[in-house]
Structures are given as C-alpha cells and as structure tokens.
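1. have a look at this prediction, sequence included:
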Amino acid sequence: MRFLFWRKRRQEELSEEIQSHLEMAARERMERGEHADEAKAAAHREFGNAAMVREVTHDQWGWTWLEDLLQDLPFGLRMLRKSPGFTTVVVLTLALGIGANTAIFSIINAVALRLLPVHDPQQLVLLEWTARKKPTVHAFVRHRGCPADSQRSPSLVSGCSVSYPMFEQVRAAHDVFSGVFAFAVANKAIKIADRPTQRRGMFVSGDFFSTLGSRTALGRPLDPSDDAPGATPVIVLSDHYWRTELNSDPAVVEKTALINRQPFRIVGVTGHNFPELDPGTPIDFWLPLVYADTIAPRPKQTDGASLWLGVIARLRQGVTQRRAEAEINARLIPNATTGPAPLFKASDAPRLLLPSAATGLASLRTVFGKPLFVLMTIVGLILLLTCANVAGLMLARAFARQKEMAVRRTLGAGRWRIIRQLLTESILLSVAGGAFGILFARVAAKSLVTFLSNNWFPPLQINTTIDWHVLIFTMAVSMVVGIIFGLAPALHNSRVDVAPALGRGHASTDTKQSSRLGSVFVVAQSAISILVLVGAALLGRTLVNLETTATGFKPDGLLLLELDMRAGGVSFDDPHVDQINQELQNRLSALPGVVSGSYSGNALLAGGRSGTRVNLPGEPPFDVDTLAVGPAFFETMRIPLVAGRTFTQADFLPSAKPTPIVVNRTFSQSIFGDGRPLGRALTDADGQLIQLQVIGVVGDTKYDSLRDDMRPMIFMPDTFLFPVFELRTEGDPKALISMVYDTVGSVNHDFIVLHMMTQTEQIDRNIFQERLVAALSILFGLLGLLLACIGLYGIVAYGVIRRTHEIGVRMALGAQRDELIWLSARQGLALTLAGVAIGLAIAAGLTRYLGSLLFGVRPIDPLAFGAMSLLLGSVAFLACYVPARRATRVDPMVALKYE
Amino acid sequence: MKERYRNRIELLQGTLDLLILQTLRWGPRHGYGISRAIQSQSGDVLQVDTGSLYPALHRLERQKWIRAEWRLSENNQRVKLYQLTKAGKKQLASERSRWKQLQEAIGGILDPGAMESET
C-alpha cells in the first residue's frame, strides 16, 4: 500500500517537473520576443511527447518487476489451467504438506506463542526463584506452567511459588512495578442455579484485574477493597462459564454463587477476550485471595514458610527487566536468608528471576512442548518430501515444455525472465496449496485438539483459530516451498539450448542427473513409507487387540458416574455413608432404562487400582489387588459367578464378621490350588486385625489396564466418600445423563458429579495414548504412501517423455502395447521394490523398539509386514501404470519426426 | 513508440550521464537548465532529447550520484533542482578518465600517424 502511495506521489512530482520545464522553455522564448501562444506551442514541440517521456522515466524507478509480475500472473494461471490434472495433484499434495505444518503450528501458536490479549503484554513478568538446594518450607504448592519445570539447569532447584510475605514485599516495590498480583489455584465446587460442579477457579489478589488492565463485560471486576478482611464475599465469573452453564443469563450479577457451600455475590462476568493466564486451561471463576484460608484447608496465608502463591507483575514504564530483577533480589533475598527460620541458606545462592509472562504461564507448553516439537519436525520432513516430489513432477513437465521455452528464448526472453515466469507458476501452485492447506489445517488442528482435550480433565480449550501468526507462517512456508520446488525445474529450463531443443527432443546430461536424483528419492521414499506403514500397521493391530481383548465384564451399555460427597456435608467418618450410597443405588437403579446399578471404589479400566497384602494361615504374605464394591456389583457388570454366592445386603452390615469376600478365578486357582476355595479364611498381613472369609468365586476381569494379565484379586463389601456408580442400561447410556443428575440432586443438592461417562468412553480414555499414536502413525503412513506415489508418478511420466523417440521406434518396429507399458513402468517398479526391500529390512531392525507399545502382536509380524508391502506395491503399481499408459499413445510418426 | 525512446536511451547512455554530471559540477540545476547548458556549451551541436534526459536524471538519482530537491525559482515557481553527491563527484572523475581513454583509443585508430608522432 505504501508502495502504491509512493508511486503516485512520484508521478505527480514528475508531471510537475515536466510542467516547469515547459514553462521555463516558453518563458525564455517569450523573453526573446516570441508571442506567448507560439512560444508555448514551440516549447511543447521541442519537448516531444510528454506522456512518453513520463513513461520511460517511470522505468527508471526500479519497480517494473511489479508490472512484469502482473503480466506473469495471468500467463501462469493460463498455463496451470491448461493441465488441470497436474495442477490438481500438485495443489492437493501441497495442501496436505503445508496444511499439516499449519495445523501443528497453530497448536504451538495457541499454547506457546500467542501474546496475552492485554495492553503491553511484554511488560508482564513472573516471579521465579532458583537456588542450589530446596527451600525449607512448611508447605509448597506447585504452579503449573512455571518455566522452572522445563528450562532451568538441572543443578538448580527452582519454582514459581512464593510466600505471602514475599508477595507483599514485591507489591511494595512501587518504583519498579506499576502493578503486582498474586494468584493461587481454587478448583472448587461451584453452584449457582441447580447442581454444583467441580470447576477451575483462581484466588487472586485485589490488583489482578487492574494489573492486567482487563475489564468485565458485565458488572465490575474485583478490586483491592474486595480483597480485604471483612469485605463482602464476591466472585467474578468467566464468559465461558456464563455462556455454557448459565445460558448467558443477563441478570446473573448480584445473584449468589456457592463455592464449597459458602455464598459469594456475583459482581461481574469477564468479556469474551479475557486473558487466559494459562492458555488452554481456562479459569471459570475468580475469588479474592483473602478467602483462600476460609475455603480451602490451606497453610495459613501469612506464613512465611509456605510457598503457595504465583506472582505476576507489570514493569513500570522505562524499567528494564534486568533492573527489576536486581531491585527485587536486593530487597527480598536478605529477608529470605536471615531470621530464626530462613527460607533459604545464603550459601545456596538463592536468586529471584523475572521471566517474561507475555504469553502467559503456558503449562501446556511444558506438557505438550516435546511432542509438539517432534510433530513439527515430522511434518517439516513431510513438507520437504512434498517439495522433492512436486519438483519431480515439475521436472517432468519442464521437460515437456522444453520446446515452448526454446521458442520463448528465441523470441528474446531473457534467462531471468524465464526463470521468473516458471517461479511465478510454482509460487501460484504453492500459494493455492497453502490456501487449501489452511482449510485442511483448521480441520486437522481442531480434531487433534478435540481429541486431546476430551481425554483431559477438566477439558482443555485450546484456541486454534487461524490468526495473523498462522497466516504469515503459512504464507511464508508456501512461498519458500514454491521457490524450493520451482527452482530446479526453472533453472533446468532456462538452460535449455535453443538449437537442439528446437531441432529434436534429446535428453541432455543434466536431465539424466536429475532423473538419477529422482530415483534416489523414490527409493528413499518407498523405504520410509513402508517403514512408517509397518509401524502404523503394528500399532493399529495393537489398538484392535486392545479394543477386542476380553475384559471379563460387559462394557457396552454401562454408564459411570463419579461422586464427591464432601460438598454435601458428608465427611470421612460419617456413619451414614453406606446408607447414602445404597439410597443412591436404589434411586438410580429405579430410573427407566436402567436394568441394575451398583457402585465401587474404583471404576474398572480407569487407570487406578488398589491393593493390599494378605496372609493365608501358615504361608508367607502375598500381594493382591482389591476392589471395594457395593451390592449387585457383579450382576451389574455382568461378571460371571463361578462358585459360591455374591454379596447380599447382610454382608454390608458392620456386624458381618469375618468380613465376607469374593475372589476371582485366578486368585482361587493360584492360591487355593486344591479347588476348595469357599469358606477359606484370610487375614491382613501383620496384625491379623481383619478376618476375611471367601464366600464366592467370580470370573477374572481386567482391573486398571487392558494390557495386564489377569491377577489375583479380592472384592470386599465397603463404603466410600468418592464412589463410582455403575448403571447397566438398555439402549444408549448417555440418554440417561440429565435424569442421573436430577436423581443425585434429589438425594443431596450439594453432591458433585465429578465425571459422568460410559464405560466404553472410560476405556477409550484409558488407551488414549495408544489411540493417538496409532491415529498419527496411520495418518503419516498414508501421507507418506501418497507422497511416494506422486514421486513415482513423476519419475515414470518423465521417463516416458524422455524416451518418446525410443518408444516411437519400437512402435514402428511392431512392439505390443503391454510391452511398451512394461518398458516404461519397469524402472519405477524396480525402484519401489528396492525401496520396499530396504524399508522392510530397516523395519525388522527397528520395530522391536516399539515393543512396550505393542499388545498381542509381535514386533516382526508377518501379517503387518506382508500386508503393507502389498498395499505399497499395488498403489505403486497404479502410480506407474497410469503414466506408463501414455507411452501407448505416442504417435510413431510424430515421435520419429523429432529426429 | 515506447521502444523507440528506450532505444535512444541505450544509445546515449554513459555519454549522457557524463554530460549531465559535468554540467552539475558548478552547482545545482533543474532539468531544463541542464538541457540548455549541454546545448549551449556544445555550441548547439548536442540537442538533448527530453525522452533521454529525464530517464537519465531519475536513473542517476536512484544510483545516488545526484540528489534532487524542490526549490522556488526566481519566478516563484516550484522547480526540481539536481545536484552532485559525493559519490557523483567520484563517478564524474572516473567517467572523465574513461572518456579520455576512449577518446585516445578511437583517436589512435582513426589517426594512427598522430599517435606515433607523439610517442
């Protein structure tokens, strides 16, 4: 834009310059006595064609490239339209390559690069300490997203949690900071309208909103007067919570929110663009820091030896980060190293740092940093392969266009001009690829992020919106890619010798070289893609094996809900817990669509497991898995009874002594080999405090993980504060969700449903990592396959064009169609076979490193190796056959006339 | 039409640059003044075509051998004045010596006797 503006001004100036020339010439003539009109006319005549002078003068300004580009563009578009098949293949390939990069980049951008949406985010710093040894503390609350987690040197300990007195000292440094606030996690049960839910919240000191410079969309933010002892308890809600949980209730301000059953008056709701201090893990509500003591059983606020607060400060205008660090160290370190119980020893060299908080805390950066880096590298490599392959295709096309280029050279086009024309074409292709790539990236990034956050609790919200960062990234990548894959063919074509190219269709030596390079690429790519495909097949089979492995119970049609009763006023020693659980069980089981219901201490296949050590009289103690269950557990889970009986109501009474237990088949067989388990007695390992008696034997089930073998396990009747209820349903378990919430609420309004999901979802979450790895490797495997095929296609098509003459001769001599196809395709097929052989050999050596990831499949699995070779082979055959068929379309007369 | 003008620039290029730089040696002048100076100093032999002069001026300006500024003339008219830069002075010196070499070389070819008699 500035350029166009500049150009317009220059033009006006030039006109003025010419005008003054004409006037001076005319005036001189008039001074010599000529008549005014005559003088003007003569001056004009003498000057010549003013418009033309202006135009040739423009040329000197050095931006004719822009006009040339405007010429090249339509021409390039025309050339691309002329071969729609080629254009489509190239654009789609590039879209995949660029899109994969954009997708990963947009996630990196979301969790690590995006600046907080506040004014001057660069002024925000986080308080961090390092020392040689850990501080002496009463309590320590770790803050997620502290740079210490990943970056500091291993010989130092560091952290972002500080004490309240330290925060006060930082806050007092008015000459250094224009604002300081402290924060602490407050993941609490919040209840506004109907049922309470467990949510992410934050305790913040009074200057939180003013330091960030962020306002609320409704009502007012928290201010320092709210964070004073004795102030009315108030709360600010997030835009997201307000929208999703409160239906954007416009009258929410002044209503009351219960946090852990304590009332807080709602004073405000944040705006849509409120800064997420920790991107991706959104906060639902903010409470004044002063309530940290009353709401949570925390260390006393003012305790100097409890490190529990995060502190973020805004540097005063003109204060550098370095100066602020020096000031803070000078003021805080003496207090921290002296006194009766110093936090640090002076000899441990404690130091305070103020790393930038401009992009927020980014705890996800710590969690996903490495995987994202690995992914970025992989997609970067894929993009390089894409470039190589597209370059191959372009080279084949360049060869076909040699004549066109020779003609253009003869007509006076400079070498640079031809390179530029070809580069314009390749950049057009890559920019089109980039544009489609962005569409692809949106879908890909969204599904990857959805996948990640669905398996997280509480769910993440990673905002992968395409912003300027991402757009610029994609544009830059597209441009660079366009130049990379366009340069080789462009240089090649610009070197075309005019005479021979016009005369006949000979291949020059450097085209042979570039075809050799292409061959290496094809071999390498077939090898890499068979490697990735074999890995994908092994992981895919693992996934299938895991999903079909016998669990010992029936996961379909089960709804799980995990409860926290503490917010309902029930404590650990409450004698009514058992009664409450059974009441819940009865009411839930009575819901329409529920066949039966029970509860247990853990959900099966949720990744957690309990265990204990037991004693059989006269034998050494041994470890077993334990699961506390409620009545009707085995019936609900559909775990078959092998011998004896399952629990009855009486078994749950405290008077039931010795405690009746049910064991699994593995327990029965491995412990009581004699086949008479019923009635056998056990004790706990040391004190013989608990007497156990076996009343039944049930089938084996998997406990915490699908991968484990069946282990000895005992089930005992017990009561819990955090029960997981299992409901066996007819039809879709999810249809029951709202009824279940109502039922829980009818027993106690303040019970919190921590999770509610189907057993199948629970299992999916349990094997989340395997699913992710399998999905990604299958995706990359297919992408690699596609790329290898495009490479092959290019090579074969190029070969056919290069050998048009030879093919013509053979045709004239009576060669058959199949013979010609075979002649053209065999090089590509041979290269593929070589690549597959190499790839399989490497795979055979490498797959054992997948060992721990695999399940039910050997690292060298003939099925995976064979099937993938077949897949690659047949797709490669197609990629060779299609271009090779062209050979049969060669007209021998035309081919021979080339000579 | 445009081609015709372009060709003429190429023909005169170098020589015209030298002449322009030379006329600017004693101080700033505007375009018209430069063309008048070349014309009069060559005894009306060299008529500088405006289609060559202005492109040359703008080219020299871009090469930073001359710089331009807008001033008011004695007739209260805004004119664009060109003047030599430091680099322009250097360029002038080197072009002058090149011109001299060329002159001698061509002179030697055209009039071999003169050269021999000098040596």
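-> It's in. Residues are numbered from 1 along each chain as shown, chains lettered A, B, ... in the order given.

2. from now on I want contacts and neighbour counts done on CA atoms only, so please keep to that.
-> Fine.

3. pLDDT wise, what is residue 81 at?
-> Went with chain A since none was named. We have a pLDDT of 84 for A:R81.

4. wait, I meant chain B there
-> 90.

5. how many residues are close by it?
-> 22 (other C-alpha atoms under 10 Å in any protein chain shown).

6. one more: A:E806?
-> Number of residues near A:E806 (other C-alpha under 10 Å) recorded here: 15.

7. quick one: the strands in chain B?
-> Taking DSSP state E as the criterion, chain B contains strands spanning B:29-30, B:66-72, B:78-84.

8. of these, which approaches chain A most closely?
-> For chain A, the closest of those is strand B:78-84, at 6.2 Å, according to C-alpha to the nearest C-alpha.

9. in its sheet, what does the closest one sit against?
-> Partner strands and pairing direction for strand B:78-84 (DSSP bridges) are strand B:29-30 (antiparallel), strand B:66-72 (antiparallel).

10. put the alpha carbons of that strand into PDB.
-> The C-alpha trace of strand B:78-84 is given here as PDB (Å, rounded to 0.1, in the frame of the first residue of the first chain):
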ATOM      1  CA  ARG B  78       8.400  25.200  -7.800                       C
ATOM      2  CA  VAL B  79      11.400  23.600  -9.600                       C
ATOM      3  CA  LYS B  80      13.200  20.400  -9.000                       C
ATOM      4  CA  LEU B  81      16.900  21.100  -8.600                       C
ATOM      5  CA  TYR B  82      19.500  18.300  -9.100                       C
ATOM      6  CA  GLN B  83      23.000  18.500  -7.600                       C
ATOM      7  CA  LEU B  84      26.000  16.200  -7.400                       C
END
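
11. contacts for stretch A:586-606, please.
-> A:560, A:581, A:585, A:608-609, A:627-633, A:635-636, A:702-706, A:719-720, A:722-731, A:736, A:739-740, A:743, A:762-763, A:765-766 (C-alpha atoms under 8 Å, 6 or more residues apart in numbering or on different chains).

12. in strands, which of those residues fall?
-> A:560, A:627-629, A:724-729.

13. still on that earlier bit, could you dump the strands of chain B to a markdown table with distance to A:L591?
-> Compiled in a markdown table, those are given as follows (distance: least, C-alpha to C-alpha, whole Å):
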| stretch | distance to A:L591 |
| --- | --- |
| strand B:29-30 | 98 |
| strand B:66-72 | 91 |
| strand B:78-84 | 93 |
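
14. about what we covered before: give the buried subset of the contacts of stretch A:586-606 as a ChimeraX selection command.
-> Buried residues among these (16 or more other C-alpha atoms under 10 Å in any protein chain shown), as a ChimeraX selection:
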select /A:560,581,585,609,627,628,629,630,631,632,633,635,636,702,703,704,705,706,719,720,722,723,724,725,726,727,728,729,736,740,743,762,763,765,766
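
15. nearest to B:L16, of the strands of chain B?
-> Across the strands of chain B, B:L16 has its closest neighbour in strand B:66-72 (13.8 Å, C-alpha to C-alpha).

16. the closest residue to A:A864 other than its chain neighbours and A:L354: what is the separation?
-> Leaving aside its chain neighbours, A:A864 sits nearest to A:A537 (5.5 Å; criterion: C-alpha to C-alpha, 6 or more residues apart in numbering or on different chains). Distance, A:A537 to A:L354, by C-alpha to C-alpha, to the nearest Å: 48 Å.

17. partner residues bridging A:P660?
-> Applying DSSP bridges to A:P660 gives these bridge partners: A:Q693.

18. so how many other residues sit close to it?
-> Neighbours around A:P660, by other C-alpha under 10 Å: 23.

19. go on, the one 4 residues further on?
-> Neighbouring residues of A:N664 were enumerated by other C-alpha under 10 Å; the total is 23.

20. quick check: it touching A:I714?
-> Yes: the pair A:N664 / A:I714 is scored as a contact, 6.5 Å apart, by C-alpha atoms under 8 Å.

21. apart from its chain neighbours, what residue comes closest to the residue of chain A found nearest chain B?
-> When scored by C-alpha to the nearest C-alpha, chain A has A:T57 as its residue closest to chain B, at 4.0 Å. Spatially, and ignoring its direct neighbours in sequence, A:T57 is nearest to B:P55 (4.0 Å; C-alpha to C-alpha, 6+ apart).

22. where are the low-confidence patches of chain B?
-> B:1-14, B:113-119 (pLDDT under 70).

23. give the other helices and strands that the longest helix belonging to it contacts.
-> Longest helix in chain B, counting residues (DSSP state H): helix B:86-110. The contact analysis (3 or more C-alpha pairs under 8 Å, 6 or more residues apart in numbering or on different chains; DSSP states H and E) places helix B:86-110 against helix B:15-23.

24. list the buried residues of the helix it packs on.
-> Quick answer for helix B:15-23 (16+ other C-alpha under 10 Å): B:16-23.

25. likewise stretch A:691-698?
-> Buried residues in stretch A:691-698 (16+ other C-alpha under 10 Å): A:692-698.

26. run the chain-centre distance for it.
-> Put simply, stretch A:691-698 sits 48 Å off its chain's centre (C-alpha atoms, centre = their mean, to the nearest Å).

27. C-alpha coordinates for it, PDB please?
-> Written as PDB, here are the backbone C-alpha positions of stretch A:691-698 (Å, rounded to 0.1, in the frame of the first residue of the first chain):
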ATOM      1  CA  GLN A 691     -10.500 -61.600  59.300                       C
ATOM      2  CA  LEU A 692     -11.600 -62.400  55.800                       C
ATOM      3  CA  GLN A 693     -13.700 -65.300  54.600                       C
ATOM      4  CA  VAL A 694     -14.200 -66.400  51.000                       C
ATOM      5  CA  ILE A 695     -17.900 -66.700  50.100                       C
ATOM      6  CA  GLY A 696     -17.700 -66.800  46.300                       C
ATOM      7  CA  VAL A 697     -15.500 -67.000  43.200                       C
ATOM      8  CA  VAL A 698     -16.200 -64.900  40.100                       C
END
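
28. what does that stretch contact?
-> Contacts of stretch A:691-698 (C-alpha under 8 Å, 6+ apart): A:639-646, A:657-665, A:668, A:677-684.

29. go again using 10 Å as the cut-off
-> A:552, A:614-615, A:634, A:639-647, A:657-668, A:677-684, A:713-716 (C-alpha atoms under 10 Å, 6 or more residues apart in numbering or on different chains).

30. ok, whatever residue of chain B ends up closest to chain A - contacts?
-> Per C-alpha to the nearest C-alpha, B:P55 is where chain B lies closest to chain A, at 4.0 Å. When contacts are counted by C-alpha under 10 Å, 6+ apart, B:P55 touches A:53-61, B:6, B:9, B:61.

31. and A:V374, what element?
-> helix A:363-400 (DSSP states H and E).

32. helices or strands up against that helix?
-> Applying 3 or more C-alpha pairs under 10 Å, 6 or more residues apart in numbering or on different chains; DSSP states H and E, one finds that helix A:363-400 makes contact with helix A:84-108, helix A:402-410, helix A:415-454, helix A:468-494, helix A:509-548, helix A:768-802.

33. can you put the ones you listed in CSV and add mean pLDDT and mean neighbour count?
-> Output for the helices and strands packed on helix A:363-400, formatted as CSV (pLDDT from 0 to 100; neighbours: other C-alpha atoms under 10 Å in any protein chain shown):
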stretch, mean pLDDT, mean neighbour count
helix A:84-108, 88, 23
helix A:402-410, 71, 18
helix A:415-454, 86, 21
helix A:468-494, 83, 20
helix A:509-548, 80, 21
helix A:768-802, 82, 22
